[in-house]
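Student: mind folding the following:
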Amino acid sequence: MARIAHVEILMVTLVPLVKRTDAIQSFVAQETPMVRITDAEGAVGTGYSYTIGTGGPAVVSLLRETLVPRLLGREAEEIEAIWRDLLFATHATAVGAITSIALAAIDTALWDLRCRRAKLPLWRMAGGAKPAIPLYSTEGGWLHIETPALVEDALAVKAQGFAGSKVKVGKPHLAEDRARLSAVRAAVGDDFRLMVDANQAFHYHEALLRARMLAEVGISWFEEPMPADDLTGHARLAERSAVPIAVGESLYSPGQFADYMQARACSIVQVDVGRVGGITPWLKVAHMAEAMNLAVCPHFLMELHVSLVCAIPNSWMLEYIPQLDPITETRLDIRNGLAHPPETPGLGIGWDKEAIARQIVPGSRSEHRV
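Tutor: I've put the predicted structure just below:
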């Protein structure tokens with residue numbers, strides 16, 4: 001074991017390679033705060049988190065001014081204690097997106113460091129439950145995409161062995177969503193899973209109407225049908241919907257997930273390591289879901305989540321949205337529609353240091369030493 005001697009903070013901004021729109025917003029850029037932690041023996045761990053275009057400078061400021069100074073001199077292996085101490089240090093601003101995103105950048109770096117020192121890949125270090133996970137694709141299902149292109153993409157990923165596709169919903173009229181989904185279903189058949197995502201767009205009554213239509217089309221889950229803070233609405237909808245309800249993208253703590261599970265307000269747990277505060281709380285949520293016999297299908301960050309879903313027994317599918325390609329030398333290992341976790345020690349993400357150096361947001365980089 002060794003104490004934390006040096007921490008570097010920086011941020012890069014990644015523009016999506018394809019246009020991404022949903023019912024309430026566009027994914028214009030991935031602001032990617034990164035943290036590199038070096039211990040007294042020279043071992044290095046790299047972590048990261050993300051936004052979809054706003055808030056990145058606030059995350060970097062919180063890291064620089066409040067969180068990282070509290071890391072210096074700490075025993076790097078005491079990850080649970082560090083996570084809890086940093087959470088308490090920011091209790092006046094938690095639970096919330098900015099704090100959780102900042103905590104995630106630190107926590108993922110600490111786990112990367114732990115695994116590298118142990119010479120183990122993350123998926124084994126965190127549990128080692130399974131060697132691979134089925135994939136589903138979201139990249140061809142954005143709301144602006146016309147129906148023929150939706151069909152073409154779903155057929156293409158089915159041919160690659162993917163388990164399913166996700167289509168964004170939230171067109172002004174229910175009939176428009178029905179027509180799009182029905183066309184895809186007719187093309188891919190009944191043996192291919194289709195999921196939908198409303199991105200919190202609906203009031204309760206509209207969500208109920210759409211849920212009835214989704215059941216007719218054979219949809220596997222209805223994701224974020226209403227604002228995430230409407231726990232009661234989700235519980236009411238889950239009770240009446242024949243389509244399972246999926247949430248998690250907009251929940252920022254294990255306690256918020258516990259409230260949803262206890263209220264029986266969801267069937268699919270989409271915990272996001274970059275938004276819940278890191279690997280430490282991600283695993284808490286995943287095991288809580290396991291105890292309640294609920295499936296975990298995390299949101300986004302496939303390059304990191306592939307290891308976590310293979311660490312736990314109750315994962316179901318992994319979301320395919322490539323985003324880190326411009327700053328990494330490694331790619332997701334996909335064979336016959338299954339994603340395999342990296343076997344290299346650490347998170348298994350091969351960062352391209354030169355590409356990162358070229359894209360650092362001016363003013364975001366800082367170094368902190370004991």
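Student: tell me which stretches of the stretch 201-350 of the chain form helices.
Tutor: 204-217, 231-240, 254-262, 273-276, 279-291, 302-309 (DSSP state H, counting those that start in this stretch).
Student: what packs against the fifth one?
Tutor: It stands for helix 279-291. Packing partners of helix 279-291 (3 or more C-beta pairs under 8 Å, 6 or more residues apart in numbering; DSSP states H and E): helix 79-89, helix 97-118, helix 254-262, strand 268-269, helix 273-276, strand 295-296, helix 302-309. Yep, even glycine has a C-beta here, placed from its N, CA and C like the rest.
Student: report the angle between that helix and helix 302-309.
Tutor: 50 degrees (axes from the mean of the first three to the mean of the last three C-alpha atoms, to 10 degrees).
Student: buried ones in helix 279-291, by neighbour count?
Tutor: Residues of helix 279-291 classed as buried: Ile279, Thr280, Pro281, Trp282, Leu283, Lys284, Val285, Ala286, His287, Met288, Ala289, Glu290 (neighbour count, 16 or more other C-beta atoms under 10 Å).
Student: how is this protein divided into domains?
Tutor: The record's domain parsing of the chain by automatic domain parsing lists 4-119+352-362, 123-340.
Student: now render those domains as CSV, adding distance to Val370.
Tutor: CSV is the format used below for the domains of the chain (distance: least, C-beta to C-beta, whole Å):
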stretch, distance to Val370
domain 4-119+352-362, 5
domain 123-340, 23
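Student: of the ones you listed, which approaches His368 most closely?
Tutor: domain 4-119+352-362 (4.6 Å; C-beta to C-beta).
Student: next one: that closest one to chain centre, how far?
Tutor: In this view, domain 4-119+352-362 has its centroid 14 Å away from the chain centroid, taken as C-alpha atoms, centre = their mean, to the nearest Å.
Student: returning to what we had before: export the helices and strands packed on helix 279-291 as JSON lines, with columns for distance to Gly161, mean pLDDT and mean neighbour count.
Tutor: Supplementary listing: the helices and strands packed on helix 279-291 in JSON lines, determined by distance: least, C-beta to C-beta, whole Å; pLDDT from 0 to 100; neighbours: other C-beta atoms under 10 Å:
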{"stretch": "helix 79-89", "distance to Gly161": "36", "mean pLDDT": "97", "mean neighbour count": "16"}
{"stretch": "helix 97-118", "distance to Gly161": "29", "mean pLDDT": "98", "mean neighbour count": "25"}
{"stretch": "helix 254-262", "distance to Gly161": "31", "mean pLDDT": "98", "mean neighbour count": "18"}
{"stretch": "strand 268-269", "distance to Gly161": "22", "mean pLDDT": "98", "mean neighbour count": "24"}
{"stretch": "helix 273-276", "distance to Gly161": "25", "mean pLDDT": "98", "mean neighbour count": "28"}
{"stretch": "strand 295-296", "distance to Gly161": "20", "mean pLDDT": "98", "mean neighbour count": "21"}
{"stretch": "helix 302-309", "distance to Gly161": "16", "mean pLDDT": "98", "mean neighbour count": "26"}
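Student: tell me which of the ones you listed lies nearest to Val361.
Tutor: helix 97-118 (14.0 Å).
Student: what's in contact with the helix or strand just after that closest one?
Tutor: Using DSSP states H and E, the next helix or strand after helix 97-118 towards the C-terminus is helix 122-125. Outside helix 122-125, the residues that touch it by C-beta atoms under 8 Å, 6 or more residues apart in numbering are 111-112, 114-115, 118, 279, 306-308, 310-311, 341-342, 346-348.
Student: which SSE is immediately downstream of helix 122-125?
Tutor: Next along from helix 122-125, by DSSP H and E: strand 133-137.
Student: neighbouring strands for that next one, and are they parallel or not?
Tutor: Next to strand 133-137 in the sheet, as set by DSSP bridges, lie strand 164-168 (parallel), strand 318-320 (parallel), strand 338-340 (antiparallel).
Student: restricting the selection to alpha carbons, write it to CSV.
Tutor: Extracted in CSV, the C-alpha atoms of strand 133-137 (Å, rounded to 0.1, in the frame of the first residue of the first chain):
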residue,chain,number,x,y,z
ILE,A,133,-22.4,-9.6,-21.8
PRO,A,134,-25.0,-9.1,-24.6
LEU,A,135,-25.0,-5.8,-26.4
TYR,A,136,-27.8,-3.5,-27.5
SER,A,137,-27.4,-0.4,-29.6
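Student: check the offset of that strand from the chain's centre.
Tutor: Relative to the mean C-alpha coordinate of its chain, strand 133-137 is positioned 14 Å out (C-alpha atoms, centre = their mean).
Student: again with stretch 287-297
Tutor: The answer for stretch 287-297 is 16 Å, by C-alpha atoms, centre = their mean.
Student: please apply the same query to stretch 281-295.
Tutor: Offset of stretch 281-295 from its chain centre (C-alpha atoms, centre = their mean): 15 Å.
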